[in-house]
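Student: need a 3D model of the sequence below.
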Amino acid sequence: MVKQIQTVAVIGAGLMGHGIALDFALSGYDVCLQTRTQESLIRCRSMVETSAKLLVDLGKTTKEKTFNINDQIQFTTNLETAASAADIVIESIYEDLDLKRSLFRELGAVSRADTVLASNTSSFLPSKLAEVTKNPERVLNVHYLNPPHIAPFVEVVPSPLTLNENTESVMSLLRVIGKKPILLKHEVEGFVASRLQAALLREALWLIENDIASANDVDMAISTGLGPRWSAAGVLKVLEFAGWDLLYRIEKELFPHLSTAADSTLLREMVDRGEIGVKSGLGFYVWTPEKAESVKRMIATELARDDHGTKS
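Tutor: Prediction:
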C-alpha cells in the first residue's frame, strides 16, 4: 500500500534545501524548513523569495501562487519541531558523511517510526545512513539536481533494507509535484547522474590538461553538439540510430585510449591556487556577478522547458 504523504520537513536551508522546500510549498504541501541558526533562516527567506520570482519570470508559476510564499513555509531552528509531525524528512545539509549520520541518528529519535527519512546526498549510500537509525527500512536517498525547484530530474535510491512501500510512496510524491524521478535497482556510489557527470568530466579534464582543446571548446562540443541531442532523447536512444554493430567497432578502438585517471592534476592545481569557479571569480572562466547571474538564468530557462525528451 502506497502511503500518502502530506507534510514535508526539509533539513538544511541552503542552495538545495530552500529550493526543495519551495517546490513542495508551491505544490500545496505543508512544509517545515529547519536550519541551525536564525541568521541562516533569514538568508533562506530571501533565497525563497528570489527563487519564487525566477519561477514567475520563467512562467512556471504565477505571482498569485508566490504571494507571501514565506508564509506558506514554517521556518524553525528546532529539529524536533520540524521532524516530529512530518510524513517525510528530506535532509540537505553539508556533504559530510559524519554530519549526515549524526543527523539521521537524531532524526531517528525525534520522528515518528513510520516517517520516511530521505537524504539529498549526491554520493553517500543510503545504507550508510540507515545503519545509524532504529528503523532502517524507512531510509532512502532522494537526489535532486540543482536548482531543485526547476530541474525535473530526481533519482531515488533505496538501500537493501528500504521497504518497497516507502520507495513507492516517494516515487508517487515526486510525480505528483511534477518531477521526473528514476528509481535505481541497487545502491551504488554516485548513483546515475553523478557517475555519468564524473565520467564526462574526467575526459573533459584530460582533453584540457593534454592541450587537445580549450575549456571553451570542450564546452562548445557539449552545448552545441552532444548536449542538444542527448537532451532530446538521451545518449542510448540517440546512439541506437547509429547501430550498436558500428558503435561496438568504434568503441573497441577508442575505449583503451580514454582517461582512467583516479585523480586530476589539473583540478588539484586549480584548487590549490584558489581558482574554484564562480565562488572565487576564477576557474576555467573569469566570473563577474553579472556573468554568473546571466549563465544561471540561461541554465534555469533551459531546465524550465517542457519539451525535453521525457515523452519519447
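Student: and the closest residue in space to residue 124 that isn't next to it in sequence, what pLDDT?
Tutor: Nearest non-adjacent residue to residue 124, counting by C-beta to C-beta, 6 or more residues apart in numbering: residue 97, 5.3 Å away. Yep, even glycine has a C-beta here, placed from its N, CA and C like the rest. Reading off the confidence values, residue 97 has pLDDT 97.
Student: ok, residue 97 to residue 127 distance?
Tutor: 12 Å (C-beta to C-beta, to the nearest Å).
Student: could you do residue 41 as well?
Tutor: 32 Å.
Student: which one is residue 186 nearest to, not counting chain neighbours?
Tutor: Counting by C-beta to C-beta, 6+ apart, the residue nearest residue 186 is residue 160, at 7.9 Å.
Student: so where does residue 143 fall, helix or strand?
Tutor: Under DSSP states H and E, the secondary-structure element containing residue 143 is strand 139-144.
Student: figure out how far the helix or strand following that strand is from the centre of its chain.
Tutor: Next helix or strand after strand 139-144 toward the C-terminus (DSSP H and E): strand 153-158. With C-alpha atoms, centre = their mean, to the nearest Å as the basis, strand 153-158 stands 9 Å off its chain's centre.
Student: what of stretch 41-52?
Tutor: In terms of C-alpha atoms, centre = their mean, the centre of stretch 41-52 is found 18 Å from the chain centre.
Student: local confidence estimate at residue 311?
Tutor: pLDDT, read off for residue 311, is 43.
Student: my guess is residue 81 meets residue 33, correct?
Tutor: No. Using C-beta atoms under 8 Å, residue 81 makes no contact with residue 33, being 10.8 Å away.
Student: now residue 297: which helix or strand?
Tutor: helix 289-303.
Student: just want the angle from that helix to strand 153-158.
Tutor: Relative orientation of helix 289-303 versus strand 153-158 (axes from the mean of the first three to the mean of the last three C-alpha atoms, to 10 degrees): 70 degrees.
Student: burial count for the nearest residue to residue 104 once chain neighbours are set aside?
Tutor: Nearest residue to residue 104, sequence neighbours excluded (C-beta to C-beta, 6+ apart): residue 129, at 4.7 Å. Per other C-beta atoms under 10 Å, the neighbour tally for residue 129 reads 27.
Student: I'd guess residue 129 is in a helix, am I close?
Tutor: Yes. Per DSSP: H, G, I helix; E, B strand; the rest coil, residue 129 lies within a helix segment.
Student: contact partners for it?
Tutor: Listed by C-beta atoms under 8 Å, 6 or more residues apart in numbering, the contact set of residue 129 reads 100, 101, 104, 117, 119, 121, 139, 141.
Student: rerun at 6 Å
Tutor: Residues in contact with residue 129 (C-beta atoms under 6 Å, 6 or more residues apart in numbering) are 104, 119, 139.
Student: that older thread, quick one: which of residue 97 and residue 127 has more around it?
Tutor: Comparing residue 97 with residue 127 by other C-beta under 10 Å, the one with more neighbours is residue 127, at 18 against 13.
Student: show the average pLDDT along the helix or strand harbouring residue 10.
Tutor: Assigned by DSSP H and E, residue 10 belongs to strand 7-11. Across strand 7-11, pLDDT averages out at 98.
Student: can you list the strands that it pairs with?
Tutor: Within its sheet, strand 7-11 is paired with strand 30-34 (parallel), strand 88-91 (parallel), according to DSSP bridges.
Student: with just CA atoms, put the first one into PDB.
Tutor: What follows is the C-alpha trace of strand 30-34 in PDB, where atoms were taken according to Å, rounded to 0.1, in the frame of the first residue of the first chain:
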ATOM      1  CA  ASP A  30       2.600  21.600   4.500                       C
ATOM      2  CA  VAL A  31       6.300  22.300   4.600                       C
ATOM      3  CA  CYS A  32       8.600  23.000   7.600                       C
ATOM      4  CA  LEU A  33      12.200  24.100   6.900                       C
ATOM      5  CA  GLN A  34      14.800  23.700   9.600                       C
END
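Student: figure out how far it is from the centre of its chain.
Tutor: 19 Å.
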